[in-house]
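>>> Quick one, structure for this:
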Amino acid sequence: MNKSIARQDGRGINIKCRAVVVRNFASRFFDDQNGGRHIPGSESLFPETVEAAARESGVSAVLARSLFSEIIAHSLARQAAFLTPAAAAHREVRVSYQGAPHSYSHLAAQKYLAGLGLGGRLRGCATYQEAVAQLLAGEADLAAPTVDQPDQALEERINSKIGLKDTYIATGRIDVNKGEALTYINTGSDWKQGFETDPSIGFQLISTPGDLAKFIQSLFDLKLISQDSLNQMKTMRDDEGLGMVTFTFAGKTFYGNTGGGDNYGSWLAYQPEEKLVVAYTTNAKVHPVKDIVSGAIDIYYGKPFEIPAFEAIAVSPEVLDKYVGVYSSPDAPKKWAITRDGGTLFVQPGSESAAALEATAQDKFQLFGGRVVFEFDAAKNQMILKRGGQSIVFTKEK
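Numbers count the residues shown, from 1 in each chain. As a prediction, this is how the structure comes out:
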């Protein structure tokens, strides 16, 4: 940005002051909490915003207004130059946009460029301010406008097209009055309500098996995207496509994806040759979800299937008490507390909520159907945590 400003500096204006004014102005005109999106209605505050930024930077209001008039005029001139047919025929237009390659923002930027009748090279930026900064610095010829929020895109591009009624983005805590399900954990002798992650921590999509099935069937029926786009989604690189992966069940290839959080779990799989959809959701994982989906598909194809016994292994309180304590390891950032409630051990990493462990042997326990395993050696005061093919040895503190 400074290079662009310096080229326009014909009156000895302090370049550092200019940069400060630009930064202060951007913080008012764009919203970092909203991914760098332009704040609606801020155009009407333009004069006041510029003057306030100028006062904070020790620059006169007249100078600030002049500065931004130059910047805007320069930006418009650059865009106009590249929007003329003659220029478009001889130059590759460089477009900056907020987003990542192959994302919805990237596709929207492509559509924006095509709508102008131009071809060019796209460059993703972390924020819209960064995209504008590239424009001002001469590193881009256009800055594509930001796209709609995810909830708007979901409604306009998917729900309204295929009639999904129960699919939306979570915006607050779970509301059972809306049919939303709380999550539960099996303690071995009872069920207790599980931890609820606030949706502000991450993107959470709420749906039902019926909506999931309708979505993936519509996707493969080309009601949402073109055949070329579907082919791109199905092309696997490092075992992943664009928004989907493949599974092998009953010797057949399925396309779809999985999701989950807290003690929720979801699985969506589609077999295109037979148009077979398998959609599964749960709010209380005990048995591995993959095994449930695989078993259902085996039954569908008439293959042998043995229903699991689900027999709980009882460990006496006297033995469990030997494992109770606080464990730490130089290879783990948190201390792990092991507690007992009746005939059940609970594990609590750091300040997180405690989770009930399922006994698989007198000294072995598991979480999430065996994806996380705990082994205790009371004689050595050790606990071994196994997950994802890795093991960490913890020592009980005295």
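
>>> which residues touch residue 384?
374-377, 391-394 (C-beta atoms under 8 Å, 6 or more residues apart in numbering). The C-beta positions use only the backbone N, C-alpha and C, and glycine is treated the same way.

>>> and it, which of the three is it?
strand (DSSP: H, G, I helix; E, B strand; the rest coil).

>>> nearest residue to it other than its sequence neighbours?
Of all residues not flanking residue 384 in the chain, residue 375 sits nearest, at 4.4 Å (C-beta to C-beta, 6 or more residues apart in numbering).

>>> burial measure for the one you found, as a count.
For residue 375, the count of nearby residues is 17 (other C-beta atoms under 10 Å).

>>> Show me what it is bridged to.
Residue 375 has these beta-bridge partners by DSSP bridges: residue 364, residue 384.

>>> doesn't residue 366 make contact with it?
No - Residue 375 is not in contact with residue 366 according to C-beta atoms under 8 Å; the separation is 9.9 Å.

>>> still on that earlier bit, how about the contacts made by the residue nearest to residue 384?
363-364, 383-384, 386.

>>> May I see the ChimeraX selection of the buried members of those residues?
If you want just the buried ones from those in ChimeraX, going by 16 or more other C-beta atoms under 10 Å, the selection is:
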select :363,364,383,386
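
>>> can I get the contacts of residue 375 in JSON lines with distance to residue 241?
Below are these laid out as JSON lines (distance: C-beta to C-beta, whole Å):
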{"residue": "363", "distance to residue 241": "42"}
{"residue": "364", "distance to residue 241": "37"}
{"residue": "383", "distance to residue 241": "39"}
{"residue": "384", "distance to residue 241": "36"}
{"residue": "386", "distance to residue 241": "30"}
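
>>> Check the contacts of residue 375 and tell me the two furthest apart.
363 and 386 (13.1 Å; C-beta to C-beta).

>>> what ranges do the helices span in this protein?
2-8, 15-29, 46-57, 61-83, 85-90, 104-115, 128-136, 150-154, 160-162, 209-220, 227-234, 289-300, 317-321 (DSSP state H).

>>> State the mean pLDDT of the first one.
Just to be clear, that refers to helix 2-8. When pLDDT is averaged along helix 2-8, the result is 30.

>>> Just give the nearest non-adjacent residue to residue 385, would you?
Residue 385 sits nearest to residue 392 (C-beta to C-beta, 6+ apart), 4.7 Å away.

>>> Let me know the pLDDT of that neighbour.
For residue 392, the pLDDT comes out at 95.

>>> so where is the stretch 151-300 of the chain shaky, pLDDT-wise?
Low-confidence segments of the stretch 151-300 of the chain, defined by pLDDT under 70: 187-189, 198-203.

>>> What distance do you get for the spatially closest residue to residue 249 that is not a sequence neighbour to residue 319?
Distance criterion C-beta to C-beta, 6+ apart; nearest residue to residue 249, sequence neighbours excluded, is residue 297 at 4.3 Å. Separation of residue 297 from residue 319 (C-beta to C-beta, to the nearest Å): 39 Å.

>>> Which of the two has more residues huddled nearby?
For residue 297 versus residue 319, the count of surrounding residues by other C-beta under 10 Å is larger for residue 297: 20 against 15.

>>> contacting residues for that one?
So residue 297 contacts 249-250, 269, 278 (C-beta under 8 Å, 6+ apart).

>>> Just name the closest of these to residue 305, please.
residue 250 (10.6 Å).

>>> Double-check the closest one against residue 304; I have them as touching.
No - if you go by C-beta under 8 Å, residue 250 and residue 304 don't touch, sitting 11.2 Å apart.

>>> anything in contact with each of the two?
With C-beta under 8 Å, 6+ apart as the test, residue 250 and residue 304 both reach residue 298.

>>> more crowded one of the two?
Ranked by neighbour count (other C-beta under 10 Å), residue 250 and residue 304 place residue 250 first, with 14 against 6.

>>> The nearest residue to residue 314 once chain neighbours are set aside: neighbouring residues, count only.
Nearest-residue entry for residue 314: residue 343, 6.5 Å, with adjacent residues in sequence omitted and distances by C-beta to C-beta, 6+ apart. Residues lying near residue 343 (other C-beta under 10 Å) number 15.

>>> State the distance from residue 343 to residue 365.
12 Å.

>>> Now do residue 290 against residue 259, distance only.
On the measure of C-beta to C-beta, residue 290 and residue 259 end up 13 Å apart.

>>> ditto for residue 373
23 Å.

>>> Likewise for residue 119?
Counting by C-beta to C-beta, the separation of residue 119 from residue 259 is 37 Å.

>>> Which one's more surrounded, the two?
Counted by other C-beta under 10 Å, residue 119 and residue 259 do not tie: residue 259 has more neighbours, with 14 against 11.

>>> Just give the nearest non-adjacent residue to the more buried one, would you?
Nearest to residue 259 is residue 266, by C-beta to C-beta, 6+ apart, at 4.4 Å.

>>> Which residues are in contact with that neighbour?
207, 212, 258-260, 279-282, 289.

>>> could you redo the last one with a cut-off of 7 Å?
258-260, 280-281 (C-beta atoms under 7 Å, 6 or more residues apart in numbering).

>>> Please pick the buried ones from those.
The buried subset of the contacts of residue 266 - by 16+ other C-beta under 10 Å - is 280-281.

>>> which of the contacts of residue 266 lies closest to residue 217?
The closest of these, once distances to residue 217 are taken by C-beta to C-beta, is residue 280, at 15.3 Å.

>>> That closest one touches residue 291, doesn't it?
No - counting by C-beta atoms under 7 Å, residue 280 stays clear of residue 291, with 11.2 Å between them.
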